[in-house]
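Visitor: give me a model of this one.
(chains A and B)
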Protein chains: 2
Amino acid sequence: MRIAQVAPLAEAVPPQLYGGTERVASWLTEELVRQGHQVTLFASGDSQTSAELVACAPRGLRLAGIRDHTASHLAMLAKVREREASFDIIHFHLDLLQHAMFADLAHKCVTTLHGRLDLPDFLPVYQAFPRMPLISISDGQRKPMPATANWLATVYHGLAPGLCPFNARGGDYLAFLGRITPEKRPDRAIEIAKRAGMPLKIAAKVDPVDEDYFRQRIKPLLDDPLIEFLGEIDEAQKAAFLGGARALLFPIDWPEPFGLVMIEAMSAGTPVIAWRNGSVPEIIEEGVSGLIVDSIADAVAACERSRAMNRFRVRSYFERHFTAARMAGDYIAAFDCLLASPRDFGKAAE
Amino acid sequence: MRIAQVAPLAEAVPPQLYGGTERVASWLTEELVRQGHQVTLFASGDSQTSAELVACAPRGLRLAGIRDHTASHLAMLAKVREREASFDIIHFHLDLLQHAMFADLAHKCVTTLHGRLDLPDFLPVYQAFPRMPLISISDGQRKPMPATANWLATVYHGLAPGLCPFNARGGDYLAFLGRITPEKRPDRAIEIAKRAGMPLKIAAKVDPVDEDYFRQRIKPLLDDPLIEFLGEIDEAQKAAFLGGARALLFPIDWPEPFGLVMIEAMSAGTPVIAWRNGSVPEIIEEGVSGLIVDSIADAVAACERSRAMNRFRVRSYFERHFTAARMAGDYIAAFDCLLASPRDFGKAAE
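Guide: I've put the predicted structure just below:
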């Protein structure tokens, strides 16, 4: 299949530092190429890919100091539009801008929505262009969307091979990995660890916007022999950090649309103790790859139960559900489904 | 002429509080209606107009708590597009989003760029859609743009009648009006007033982002009998504040694309002492409506010279150059010019 992958320009594909969407776009692109598809990647010029790269900005916009990405994305979309006849499928990893420009090509356009959809800001575009085929990254992500949205499939993310190797032994600490931000609830993680009497290692960056929250709410909680704050860690450290843990704590307080760190932990064989919110009940198989909780008391009990969990079963669950190969296969199935539809696919929903 | 005015949705047209672009869009719309044109205003539903209003959001997005305006603007543009056949001219007051969606209608689309153009963020869209006719609000505003940009005209803003009535007497203080922000250089205004030995009244709001700058850099300078800090004032107070001044200080340190406050002062008969930057040399007629300076020493001397300036001449200069009637006339001339062009207008520039 001739596939255009249209990635955000915020970061390179894959990103040099952060950038969940660009990481997924990279894993998907590489896997589609490996499976024999003819893939063209529209992305920043510092991207690395085995697909054909169409450079749409010299480098990732964030590190280039570009704050408003709209113009660069519109210019990229103009390039995609120019070459549209050479693609069977155009797959966008942008949320908004393409719907107006590609409305007449809805029969071969697919958009994966990577972000949260529970803010009113974005709804007008999905209401205005209800025929554009959409892919959610969890079923939970869809909840706030208009009933008229044209969902083609849910495709869960999958990891490229080798990123977080299996660690059969694990370790004795609880892990918290992510940003220090109120919605990730590092305070809950600390309370759980203290009550469970288990060590907690926190590997997390603090964005400027979260400095006050860190200083006022989290720093005072760190002064305890059980709690270790590591700051920011890189990709290589991440695999060791997750693999060496007894369990990952994911005590979120927001409707997480996917949560890559959960499958990274599972890849290493580490079970996930997660709050029931957003995608969590879809990503975690209760008692197999993790434990789903609704309260601090639940979570403390889950820490104890996690000692008995079989890391091979966690890894095996990961391999069945969350590899890039599975993700690419799901996307190809969704593309096939769209291409086999009559041209007015989705019109009935309007 | 059947004209669509497409305003930003950030604020109502006219805005309840701030919003320079929405104020100009309102003055222009009302004046075009008054001149007998058939005008349709695409704007938020809480807008007030004598044109036909197409409500594209229930109310101004900022006060409605919507932070990302992209989706609402794209949905508005879809509404404009649906009705495009009923307009001779579609006049956008948005910077970016319409270029891709209306590229095929460039022969009847006009975009007024209201913001600064010296940031690299926005250039890709003007490079990608070089045929879209653009209007600048000063010649200076154009400088950073690509040579291929398709400029139709510069149209200076004009004020609706009665906003800042002429005050023949003026007063004895210098005025500073605007936000407290480094690029407006309130510190320069204070230094000028102190050196000139003239009272300075500062009417300015402090945005949250500028709190630190105000506290650390400006507040310590206010402790002087010559300096009076009034805080934020409303539209009615503004007319009296400007009219009662001897001169407006406009000691900017950035390429101001227009600077409405300069013509508001002139409307009241108050001359403007302004730094040579951005639009200033185009808005001020040296020695007639104000004095252009390059240094603190220049500005101090200008304060003295301003005593001798004739407020009737300032007002008369304003009336010739900066009324809404003159602005609307210029826009109609630009629209006529575009409509009289061959359909490939601007193509030679590509």
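
Visitor: from here on, contacts and neighbour counts on C-alpha atoms
Guide: Will do.

Visitor: list the contacts of the residue nearest the centre of chain A.
Guide: Residue closest to the mean C-alpha point of chain A, counted by C-alpha atoms, centre = their mean, is A:Leu260 at 4.6 Å. Each residue near A:Leu260 by C-alpha atoms under 8 Å, 6 or more residues apart in numbering or on different chains is listed here: A:Gly20, A:His157.

Visitor: give me that answer again for 10 Å
Guide: By C-alpha atoms under 10 Å, 6 or more residues apart in numbering or on different chains, A:Leu260 lies in contact with A:Gly20, A:Val24, A:Tyr156, A:His157, A:Gly158, A:Leu159, A:Ile283, A:Phe322.

Visitor: that one and A:Phe214, how far apart?
Guide: 23 Å (C-alpha to C-alpha, to the nearest Å).

Visitor: go on, A:Val288?
Guide: If you measure A:Val288 against A:Phe214 using C-alpha to C-alpha, the figure is 33 Å.

Visitor: same check on A:His157?
Guide: Distance, A:His157 to A:Phe214, using C-alpha to C-alpha: 30 Å.

Visitor: which one of these two has more residues nearby?
Guide: Each of A:His157 and A:Phe214 has its neighbours counted (other C-alpha atoms under 10 Å in any protein chain shown); A:His157 has more, 27 against 20.

Visitor: hang on, the more buried one packs against A:Arg326?
Guide: Yes: here A:His157 lies in contact with A:Arg326, judged by C-alpha atoms under 10 Å, at a distance of 8.7 Å.

Visitor: okay, and the common contacts of the two?
Guide: Residues touching both A:His157 and A:Arg326 (C-alpha under 10 Å, 6+ apart): A:Leu28.

Visitor: residues of stretch A:78-98 that come out buried?
Guide: Within stretch A:78-98, the residues that count as buried by 16 or more other C-alpha atoms under 10 Å in any protein chain shown are A:78-80, A:84, A:87-98.

Visitor: now stretch A:205-213
Guide: Buried residues in stretch A:205-213, defined by neighbour count with 16+ other C-alpha under 10 Å: A:Lys205, A:Val206.

Visitor: state the mean pLDDT of that stretch.
Guide: The pLDDT scores in stretch A:205-213 average 92.

Visitor: get me the contact residues on chain A for chain B.
Guide: Residues of chain A lying near chain B by C-alpha under 10 Å from any C-alpha of the partner chain: A:56-57, A:61, A:65-79, A:95-102, A:119-129.

Visitor: can we see that at 8 Å?
Guide: Proximity of chain A to chain B (C-alpha under 8 Å from any C-alpha of the partner chain) is limited to residues A:66-72, A:74-75, A:78, A:96-97, A:100-101, A:120-125, A:127-128.

Visitor: tell me which of the contacts of A:Leu260 is nearest to chain B?
Guide: A:Gly20 (20.1 Å; C-alpha to the nearest C-alpha).

Visitor: quickly find the element holding A:Gln127.
Guide: A:Gln127 is part of helix A:123-128 when elements are defined by DSSP states H and E.

Visitor: hmm, I typed the wrong one, I wanted A:Arg313.
Guide: Using DSSP H and E, A:Arg313 sits in helix A:311-321.

Visitor: what does that helix rub up against?
Guide: Residues outside helix A:311-321 that contact it (C-alpha under 8 Å, 6+ apart): A:158, A:166, A:168-170, A:263, A:266-271, A:288-290, A:326.

Visitor: and it, C-alpha only, in PDB?
Guide: Below are the C-alpha coordinates for helix A:311-321, written out as PDB (Å, rounded to 0.1, in the frame of the first residue of the first chain):
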ATOM      1  CA  ARG A 311       6.500 -11.100  35.200                       C
ATOM      2  CA  PHE A 312       6.500 -13.600  32.400                       C
ATOM      3  CA  ARG A 313       2.700 -13.300  32.100                       C
ATOM      4  CA  VAL A 314       3.000  -9.500  32.100                       C
ATOM      5  CA  ARG A 315       5.500  -9.700  29.300                       C
ATOM      6  CA  SER A 316       3.400 -12.200  27.400                       C
ATOM      7  CA  TYR A 317       0.400  -9.900  27.700                       C
ATOM      8  CA  PHE A 318       2.500  -7.000  26.300                       C
ATOM      9  CA  GLU A 319       3.700  -9.100  23.400                       C
ATOM     10  CA  ARG A 320       0.100 -10.100  22.400                       C
ATOM     11  CA  HIS A 321      -1.300  -6.600  22.600                       C
END
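
Visitor: mind saving the C-alpha coords of the helix or strand just after it as CSV?
Guide: Counting by DSSP H and E, the element after helix A:311-321 in chain order, helix or strand, is helix A:324-340. This file holds the C-alpha atoms of helix A:324-340, laid out as CSV (Å, rounded to 0.1, in the frame of the first residue of the first chain):
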residue,chain,number,x,y,z
ALA,A,324,4.5,-2.1,16.8
ALA,A,325,3.8,-5.1,14.6
ARG,A,326,0.3,-5.5,16.1
MET,A,327,-0.3,-1.7,15.8
ALA,A,328,0.8,-1.7,12.2
GLY,A,329,-1.5,-4.6,11.4
ASP,A,330,-4.4,-2.9,13.0
TYR,A,331,-3.8,0.2,11.0
ILE,A,332,-3.6,-1.7,7.7
ALA,A,333,-6.9,-3.4,8.6
ALA,A,334,-8.4,0.0,9.2
PHE,A,335,-7.0,1.4,6.0
ASP,A,336,-8.4,-1.6,4.1
CYS,A,337,-11.8,-1.2,5.6
LEU,A,338,-11.9,2.5,4.6
LEU,A,339,-10.7,1.8,1.0
ALA,A,340,-13.3,-1.0,0.7
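
Visitor: of all the residues in helix A:324-340, which ones are buried?
Guide: A:324-332, A:334-335, A:338-339.

Visitor: and stretch A:252-261, end to end?
Guide: Length of stretch A:252-261, first residue to last, C-alpha to C-alpha: 12 Å.

Visitor: same thing with stretch A:100-112?
Guide: In stretch A:100-112, first residue to last residue: 16 Å (C-alpha to C-alpha).

Visitor: list the buried ones in that stretch?
Guide: By neighbour count on 16+ other C-alpha under 10 Å, the buried set for stretch A:100-112 is A:Ala100, A:Met101, A:Phe102, A:Leu105, A:Ala106, A:His107, A:Lys108, A:Cys109, A:Val110, A:Thr111, A:Thr112.

Visitor: kindly report the same for stretch A:147-159.
Guide: Neighbour-count burial for stretch A:147-159, counted by 16+ other C-alpha under 10 Å, picks out A:Thr148, A:Ala149, A:Asn150, A:Trp151, A:Leu152, A:Ala153, A:Thr154, A:Val155, A:Tyr156, A:His157, A:Gly158, A:Leu159.

Visitor: go on, stretch A:191-201?
Guide: Residues A:Glu191, A:Ile192, A:Ala193, A:Lys194, A:Ala196, A:Met198, A:Pro199, A:Leu200, A:Lys201 are the ones in stretch A:191-201 that count as buried (16+ other C-alpha under 10 Å).
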